[in-house]
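Engineer: Fold the following.
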Amino acid sequence: MEPDIAQHRDAIAELCRSLGVESLLAFAPAAFADSLTFLVQFKPMPSAQYATSYFSLAAKLEELLRTPIELVELEAGDNPYFKKAVGPSGVPVHELAPR
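Structural biologist: Have a look, this model is predicted:
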């Protein structure tokens, strides 16, 4: 895990809880070498709330980690090329506890 992410893990977890994030995974694809990339899955929510949560998460992660952030939705993970790019480099950052 990137040192900045580990240092801010509690703040990231609180941010995820407040914005309805079910899971957040960090990875470092070569295509985005100058930024941190996260795979994100949100709880089901209305479209307007989703848009607000998505853009708020990106902006607040950039502010907290002081680096450009790329957010990729979990659904993109169904693409075999994407799965190969993420590979074993993905690191869980936040995941809701099972009920």
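Engineer: pLDDT at the residue nearest to Gly20 when sequence neighbours are not counted, what is it?
Structural biologist: Setting aside the residues directly before and after it, Gly20 is nearest to Lys43 in space (Cβ to Cβ, 6 or more residues apart in numbering), at 4.4 Å. Just so you know, the C-beta spots here come from the backbone N, C-alpha and C atoms, and that holds for glycine as well. On the pLDDT scale, Lys43 is placed at 93.
Engineer: And the one residue sitting closest to the centre of the chain, how far from Pro46?
Structural biologist: Nearest to the mean C-alpha position of the chain, by Cα atoms, centre = their mean, lies Phe38 at 3.4 Å. To Pro46, Phe38 is 22 Å away according to Cβ to Cβ, to the nearest Å.
Engineer: isn't the residue nearest to the centre of the chain right up against Val21?
Structural biologist: No: counting by Cβ atoms under 8 Å, Phe38 sits too far from Val21 to count as a contact (9.5 Å).
Engineer: Give me the common contacts of the two.
Structural biologist: Any residue near both Phe38 and Val21 by Cβ atoms under 8 Å, 6 or more residues apart in numbering counts here, and not one turns up.
Engineer: need the helix or strand of the protein with the lowest average pLDDT.
Structural biologist: Least confident helix or strand of the chain, by mean pLDDT, DSSP states H and E, is helix 80-86 with a mean of 64.
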